[in-house]
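Enquirer: Pasting a predicted model and its sequence here:
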Amino acid sequence: MTHVEEELASQPECWTRAAVEAAQHGGALPAPGERVAIVGCGTSYFMAQAVAALREGAGQGETDAFAASEFPYGRLYDRVVALTRSGTTTEVLELLGQLRGRPRTTAITADPDTPVMAAADEVVVLDFADERSVVQTRFATTALTLLRAHLGLHTDAVVADARTALATPLPEGLVDCTQFTFLGRGWTVGLANEAGLKMREAALAWTETYPAMEYRHGPISITTHGTATWMLGEAPEGLAEQVRDTGGLWIGGGLDPLAELVRAQRLAVAVAAARGLDPDRPRHLTRSVILADS
């Protein structure tokens, strides 16, 4: 079993622990009414997108998500939350350094022995969700669960759905598809973006992601026999039938969307195996992007 397989299989236990710890770290996490920016790179950026939509949808306050390299320094925030598994990513550390002494900053990381511990005003360490694989799975979803629980939006049903996602076989014919499209709505757009990234990283798969309603505005034209369209969350009315009419494979998201992401992680590993690839060693990637001084 690869590292990524072991790590993605441990997510139900990680989520349960994160939900408990959310109450312990409440002071370091955004308070209701705060104007918040959530930043990250790669997978962490997509988790930031999901959390930002969840927080605004819960009426907790205006919340934006940015890639750390694209943070708008001219905007005023009460708190900036940085998601960084490694605690060493150059763009995140540079951002936190630039923000020193202005808004409060919180870092959520997996490694307590890294520079981010001194770079942020407050730190939440999820070391039990750290990973050996380059490809992120459990840290990202555990960080999201921590913040989801902090918002009062996590339930035991989410963990039960994750166990179902791990135990249920993938749909017949899905692994053999040549192209994959992931769709989301609201907070699940970030999850769809992350599902697509997993497929590209682990399996070198042709994958696209869109807000579900935007899919009809052109992208559906590539859908045909041998392609798959996967909805994370509730689909717009009539979309499943439109996809089936093209001959493409429609995958409806019947589980909690975060558990659906676990299914997509499994698909990435399965497609990688079918193509003779090692998902623990994705092409051109490292665990953390650390840029040399210019």
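Expert: Done, it's in.

Enquirer: For the rest of this, base every contact and every neighbour count on C-alpha atoms.
Expert: OK.

Enquirer: any chance you could map the strands in the stretch 1-150 of the chain?
Expert: Secondary structure of the stretch 1-150 of the chain (DSSP state E, counting those that start in this stretch): strands located at 36-40, 63-67, 79-84, 104-109, 122-125.

Enquirer: Is it possible to get TSV of those that adds mean pLDDT?
Expert: Converted to TSV, the strands of the stretch 1-150 of the chain look like this (pLDDT from 0 to 100):
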stretch	mean pLDDT
strand 36-40	98
strand 63-67	98
strand 79-84	98
strand 104-109	98
strand 122-125	98
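
Enquirer: Contacts only, for F66.
Expert: Under the criterion of CA atoms under 8 Å, 6 or more residues apart in numbering, the contact partners of F66 comprise 37-40, 45, 48-49.

Enquirer: and what of G61?
Expert: 32-36, 55.

Enquirer: Could you measure from the closest residue to it other than its chain neighbours over to E62?
Expert: Leaving aside its chain neighbours, G61 sits nearest to G33 (4.6 Å; criterion: CA to CA, 6 or more residues apart in numbering). Remark: distance between G33 and E62 (CA to CA, to the nearest Å) = 8 Å.

Enquirer: the more surrounded of those two?
Expert: Set side by side, G33 and E62 show more neighbours around E62, with 17 against 13, by other CA atoms under 10 Å.

Enquirer: Who are the contact partners of that one?
Expert: By CA under 8 Å, 6+ apart, E62 lies in contact with 33-36, 55-56.

Enquirer: try T181
Expert: T181 is in contact with 196, 207-210, 228-230, counting by CA under 8 Å, 6+ apart.

Enquirer: which helices and strands does the helix of greatest length in the chain pack with?
Expert: Counting residues, the longest helix in the chain under DSSP state H turns out to be helix 257-274. With contacts defined as 3 or more CA pairs under 8 Å, 6 or more residues apart in numbering; DSSP states H and E, the packing partners of helix 257-274 are helix 3-9, helix 156-167, helix 188-203, strand 227-232.

Enquirer: Quick one: the strands of the stretch 1-150 of the chain as TSV, columns for distance to R281 too.
Expert: Listed next are the strands of the stretch 1-150 of the chain as TSV, based on distance: least, CA to CA, whole Å:
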stretch	distance to R281
strand 36-40	22
strand 63-67	24
strand 79-84	20
strand 104-109	22
strand 122-125	25
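
Enquirer: and R275, how far is that from A268?
Expert: Look at R275 and A268: by CA to CA, they are 11 Å apart.

Enquirer: Now list whatever residues contact both of those two.
Expert: Once CA under 8 Å, 6+ apart is applied, the residues that R275 and A268 both contact turn out to be A203.

Enquirer: higher neighbour count, the two?
Expert: A268 (25 against 14).

Enquirer: count of neighbours near E260?
Expert: A count of neighbours around E260, defined by other CA under 10 Å, yields 26.

Enquirer: I'd say it and G253 touch.
Expert: Yes. With contact taken as CA atoms under 8 Å, E260 and G253 are classed as touching, separated by 6.3 Å.

Enquirer: Can you pull the residues that touch both of these two?
Expert: L232.

Enquirer: For T84, which residues are in contact?
Expert: Contact analysis of T84 by CA under 8 Å, 6+ apart lists 40-41, 44, 92, 107-110.

Enquirer: now the end-to-end length of stretch 219-234.
Expert: End-to-end distance of stretch 219-234: 19 Å, with CA to CA as the criterion.

Enquirer: same question, stretch 228-242
Expert: Between the opening and closing residues of stretch 228-242 there is a gap of 13 Å (CA to CA).

Enquirer: So what's the gap between it and the chain middle?
Expert: Using CA atoms, centre = their mean, to the nearest Å, we find the averaged C-alpha position of stretch 228-242 to lie 20 Å away from the chain's own average C-alpha position.

Enquirer: What of stretch 116-124?
Expert: Centre-to-centre, stretch 116-124 and its host chain are 21 Å apart (CA atoms, centre = their mean).

Enquirer: Fine by me, thanks again.
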